[in-house]
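**Q** Need coordinates for the below:
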Amino acid sequence: MKNLIFILITISLSLTSCGTEINPNLITKSNIGLLNDSTQVKDLKTLFAKDSIVTYTAGDEFIGNINDIHIYKKGGQKQLTLTPWQALDSTATFKTIRIIDPTFKTAKGLHANSTFKDIKNNYNVSSIDKTLRSIIVTVNDINAFFTISKDELPAQLWFSDTKIEAIQIPDHSKLSSFFMQWPEK
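**A** Below is the predicted model:
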C-alpha cells in the first residue's frame, strides 16, 4: 500500500512539474516570447543565441545616451529593437521594445503588420494622441502602443486641433510601428 501511495505521489509531482513550453513568438503583457519585463541586457546573448545582436555604444560614455539594441535573425531580417532604461549597464531592463517581425503575435493575432481594425476588434483603446506626423494608439491591456501615420487618416484630421476618436480612424489604417512599454525594475 505504501508503495502504491509513493508511486501515485511521484506520478502526480512529475505531471505537475512538467511546465508548458513558452511560445517564442507570443506577445503578452509582460513577455515577448522568451523576453520578459525582468530580462536584463546581459541575458540577451543567451535568449537570442541563434540570432545576431547589434549594439552601438561609441561615444556614449560622455553623453549618456540610451543605446538601442537590435536583434536580427540569422538571415538578416530585423526582429526587435530594444531600448534599455540605462545606457552601458548590463543589468538594465528594457523600457521599450519595438516589434518589427510579424511572426511575433499576441494571443488574439495582433502583429507588426496589423491594421487599426485588428486593435479595435480585440483590445480596449486606452488613448489616442497626436504627434506631428502620426497618431499614437495606446492599449494598456497589453502594455503596448502603436503608431499610425497621418497619411492613413482622412485629410480633415491632419491639422485638426480636436481630439481624434477611435471611430474616426479608418479600419484599414496600417500600423507604422508596434511597441511594448515596460516599467523600470
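
**Q** Just the pLDDT at Ile66, thanks.
**A** Each residue has a pLDDT score; the one for Ile66 is 65.

**Q** Kindly apply the preceding question to Ala87 instead.
**A** Reported pLDDT for Ala87: 81.

**Q** just Thr16 next, same as before
**A** pLDDT recorded at Thr16 is 46.

**Q** got it, and Lys185?
**A** Listed pLDDT for Lys185 reads 77.

**Q** I'd like to know how far the spatially closest residue to Glu165 that is not a sequence neighbour sits from Thr81.
**A** Setting aside the residues directly before and after it, Glu165 is nearest to Ile128 in space (C-beta to C-beta, 6 or more residues apart in numbering), at 7.1 Å. Every C-beta, even on glycine, is put in place using the N, C-alpha and C of the backbone. Separation of Ile128 from Thr81 (C-beta to C-beta, to the nearest Å) stands at 23 Å.

**Q** where in this structure is pLDDT low?
**A** 1-20, 57-66 (pLDDT under 70).

**Q** Not counting residues beside it along the chain, what's closest to the most centrally placed residue in it?
**A** Nearest residue to the geometric centre of the chain (C-alpha atoms, centre = their mean): Met180, 3.6 Å. Using C-beta to C-beta, 6+ apart and skipping residues adjacent in sequence, the residue nearest Met180 is Ile97, 4.6 Å away.

**Q** Helices along the protein, start to end?
**A** 2-17, 44-47, 60-63, 116-122, 155-158 (DSSP state H).

**Q** Surely the residue nearest to Met180 is in contact with Asp37?
**A** No - with contact defined as C-beta atoms under 8 Å, Ile97 does not reach Asp37; the gap is 9.7 Å.

**Q** any residues in contact with both of these two?
**A** Contact with both Ile97 and Asp37 is made by residues Trp182, according to C-beta atoms under 8 Å, 6 or more residues apart in numbering.

**Q** and the two? which has more neighbours close in?
**A** Neighbours were counted for Ile97 and for Asp37 using other C-beta atoms under 10 Å; Ile97 has more, 25 against 19.

**Q** on that earlier part again, what bridges to the residue nearest to the centre of the chain?
**A** With DSSP bridges applied, Met180 shows beta-bridge pairing to Ile97, Ala144.

**Q** Okay, it and Leu153: tell me how far apart.
**A** As for Met180, its distance to Leu153 is 24 Å (criterion: C-beta to C-beta).

**Q** repeat for Leu132
**A** With C-beta to C-beta as the criterion, Leu132 and Leu153 are 13 Å apart.

**Q** what about these two, which has more around it?
**A** More crowded of Leu132 and Leu153, by other C-beta under 10 Å: Leu153, with 20 against 5.

**Q** so who does that one touch?
**A** Applying C-beta under 8 Å, 6+ apart, the residues contacting Leu153 are Ile135, Ile164, Gln168, Ile169, Pro170, Ser173.

**Q** picking up where we left off before, test my guess that the residue nearest to the centre of the chain contacts Asn140.
**A** No - counting by C-beta under 8 Å, Met180 does not reach Asn140; the two are 11.8 Å apart.
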